[in-house]
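Q: give me coordinates for this.
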Amino acid sequence: MWMKEIFGTDKPVIGLVHMHAMPTDPKFDPATGVRGVLNAARKDLHALQDGGIDGVLFCNEFSIPYTDDVQPVTIATMARIIGELKPEIKVPLGVCVASNAEMGFDLAAAVEADFIREILHGAAAGVYGIGNVQPGRVERHRAALGLMGCKTMTAVIPEGTRQLAERPLKEVVKTLAFNLNPDTMLVYSTNPGSAIDIDQVKTIKETTDTPVMAANGVTPESVREILSVTDGAIVATGIKVDGKFYNPVDPERVKKLMAEARAARGCA
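A: This is a model prediction of the structure:
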């Protein structure tokens, strides 16, 4: 499995660095500026690495509410911050630009990311209206950037949405695997921070040989059960101070989560 080659372990756990709001984002703090975004990212990065995380994923999570009309300053700021932190990054590096896969690949090219997490297919409706991703266009942009070797992680069904053309889960998985052949399929819960549907994971794994990872709802208390059925996990809110989205990463919660993860992998 490719994840063992990159992360050095089976069932890797990837920690999210939720980058603070940047210029043009509604929650951007001009008083602390971009330097404040950098300082917060550095603190979270070291908390994750000190806790034994297997990989890190930088995303503009605090750009809420998201838009597919991502401004160039967002990518420039993200690239500047990741570039400054790169000498300090000791684990595999991933990136994500919320709601814009093509710009996600632009960022991946700039910072030489090992993997990317993006929505790469489908039309779905949710709180942000109707999202329509054209995988052919995205894949051609990826190819033009020379990133066909950059590993891809993509949602089977994006978080908090429903497909516009409702199809059985097995059909979605089969067509996703056939048309895009992503390196990892991600399972999201219905709402941010809530637990994933284990039965959904089992259905996907019965349908494809593609690795399946839990994309949210992972906590120190749930990670052992989740890793018993998945091929890895992405964790964010569950390892923050008091388990709250806008709080910084809690190093002690990371250590607790990774101890449970190692136990689940038989490496305790």
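Q: for the record, mean pLDDT for stretch 44-57?
A: The pLDDT scores in stretch 44-57 average 98.
Q: wait, stretch 162-172
A: Mean per-residue pLDDT for stretch 162-172: 91.
Q: please apply the same query to stretch 21-36.
A: So the average pLDDT for stretch 21-36 ends up being 98.
Q: who touches Lys244 in this structure?
A: Lys244 makes contacts with Thr237, as judged by C-beta atoms under 8 Å, 6 or more residues apart in numbering. Every C-beta, even on glycine, is put in place using the N, C-alpha and C of the backbone.
Q: er, Gly33 I mean
A: Gly33 touches nothing, counting by C-beta under 8 Å, 6+ apart.
Q: try Asn181
A: Thr210.
Q: can you tell me how far it sits from Thr208?
A: According to C-beta to C-beta, to the nearest Å, Asn181 and Thr208 sit 10 Å apart.
Q: can you show me the strands along the stretch 51-200 of the chain?
A: Assigned by DSSP state E, counting those that start in this stretch, the stretch 51-200 of the chain shows strands spanning 55-59, 93-96, 115-117, 122-126, 129-133, 151-155, 161-163, 184-187.
Q: and of the ones you listed, who's closest to Pro251?
A: Proximity to Pro251, assessed across these by C-beta to C-beta, is greatest for strand 55-59 (13.9 Å).
Q: I'd like the strands of the stretch 51-200 of the chain as CSV, with distance to Arg265 appended.
A: As requested, the strands of the stretch 51-200 of the chain are exported to CSV (distance: least, C-beta to C-beta, whole Å):
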stretch, distance to Arg265
strand 55-59, 14
strand 93-96, 20
strand 115-117, 19
strand 122-126, 32
strand 129-133, 33
strand 151-155, 19
strand 161-163, 31
strand 184-187, 17
